[in-house]
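Q: any chance you can model this:
(one chain, ligands or ions: 1)
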Amino acid sequence: MEKRTYYNNIAHIYDQTRWLTTSVAEEVADFILELVDATPETSFLEPGVGTGLNVLPFVKRGYSVTGIDVSQPMIDQFKQKLHNISQNLRLIHADASQFPFPDQSFDVVLTVHMIHGISNRKMFLDEVDRVLKPQGFYLNAQWITPPARMEFERYFRAILAKYEVEETSKQVKKVIEQINLEDYFHSKGYRSNYVIAKEWTVSNTVEELLGFLKLRAYGLCWLVSDEIFPRVMREFEEFCVEHYGSLETELSSQAKFEIWAYTAS
Ligand SMILES: C[S@@+](CC[C@H](N)C(=O)[O-])C[C@H]1O[C@@H](n2cnc3c(N)ncnc32)[C@H](O)[C@@H]1O
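A: Numbers count the residues shown, from 1 in each chain. Coordinates of the predicted model:
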């Protein structure tokens, strides 16, 4: 299954299996508004908007927000969070490789965990540059996986690799071939700035994390076929019992919301 289409299958469990809470998203929104020196007229575009975790606070505060996503089920999850679709929110079901907007349409373009889903990154960045207003901001962000979950995932990947080594290495190669954002924006005369908007603690039991994997909540779970997946999970569960001592073991560590901010000088 293509990486970006598996979201159709997991849209209904996306929020519960990630770690950006509503209150953290509100604090991150405060940080971003200050970073971009927002006024009530500031407009936002999030390509790959998903279920709206990042931009919902802006919508609620009355900012003009546009979201694009290739997955209709993800967009539907976003819509369910709003009792009535807000006047200030536009959601477009489309591939975000090309934007259906005139030049200089937005003050802020935000991407979170989505740039890896773009097959032609140069074309995408040209579009970001085109639709940004003068002095606009491109914010490429991610909520870094908390180290304890990262380690849990590394153990899982090691077992997965025994079953589907070829697919995994193809994915890695695809990422390496992509162009570098820093080089791209510097060549266009943008300034860049790396900031951490928020750090917070994430805690889950091993059992909970195993449950998320069993639901196939992450792209890597779709690298193996439906037939093989239960075998991988059985082997990984046995590993977890031995390694963590108990499935009740709590894994706690710090998550970070990090942002690479690019702005035209
Ligand atoms: C990891 S999710 C991130 C969602 C949201 N940005 C967040 O941080 O929660 C990636 C999202 O990007 C969407 N996506 C991936 N490639 C895309 C593309 N080429 N055009 C539009 N949406 C895309 C997926 O459907 C999915 O909703």
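Q: how many other residues sit next to the residue of the stretch 151-265 of the chain found nearest the ligand?
A: Proximity to the ligand, evaluated over the stretch 151-265 of the chain using CB to the nearest ligand atom, is greatest for G219 at 8.1 Å. C-beta coordinates here come from the backbone N, C-alpha and C atoms, glycine included. Neighbourhood size, G219 [other CB atoms under 10 Å]: 17.
Q: could you do T22 as well?
A: Neighbour number of T22 under other CB under 10 Å is 11.
Q: who in the stretch 101-250 of the chain is up against the ligand?
A: 112-114, 117-118 (CB under 6 Å from any ligand atom).
Q: just to revisit the earlier point, pretty sure the residue of the stretch 151-265 of the chain closest to the ligand contacts N9?
A: No. Counting by CB atoms under 8 Å, G219 sits too far from N9 to count as a contact (10.8 Å).
Q: the bottom helix or strand of the protein by mean pLDDT?
A: Scoring the helices and strands of the chain by mean pLDDT, DSSP states H and E places helix 147-176 at the bottom, with a mean of 76.
Q: centre of the chain to the helix or strand just after it, how far?
A: For helix 147-176, the succeeding helix or strand toward the C-terminus, using DSSP states H and E, is helix 181-187. Centroid displacement of helix 181-187 relative to its chain, using CA atoms, centre = their mean, to the nearest Å, is 21 Å.
Q: what's helix 181-187 in contact with?
A: Where contact means CB atoms under 8 Å, 6 or more residues apart in numbering, the residues beyond helix 181-187 that reach it are 115, 122, 125, 138, 140, 192, 260, 262.
Q: could you confirm the last one falls within a strand?
A: Yes. According to DSSP: H, G, I helix; E, B strand; the rest coil, Y262 belongs to a strand.
Q: how far does stretch 139-154 stretch from start to finish?
A: By CA to CA, to the nearest Å, the extent of stretch 139-154 from end to end equals 28 Å.
Q: re the thing from before, measure the residue of the stretch 151-265 of the chain closest to the ligand to T17 for me?
A: 12 Å (CB to CB, to the nearest Å).
Q: repeat that for F236.
A: Distance of F236 to T17, given as CB to CB: 16 Å.
Q: those two: which has the busier surroundings?
A: Per other CB under 10 Å, whichever of F236 and T17 has more neighbours is F236, with 21 against 17.
Q: just checking, what packs against the helix or strand where that one lies?
A: Using DSSP H and E, F236 maps to helix 229-244. In this structure, helix 229-244 makes packing contacts with helix 147-176, helix 206-214, judged by 3 or more CB pairs under 8 Å, 6 or more residues apart in numbering; DSSP states H and E.
Q: sorry, back to before: so for the residue of the stretch 151-265 of the chain closest to the ligand, what's the pLDDT?
A: If you check G219, the pLDDT there is 89.
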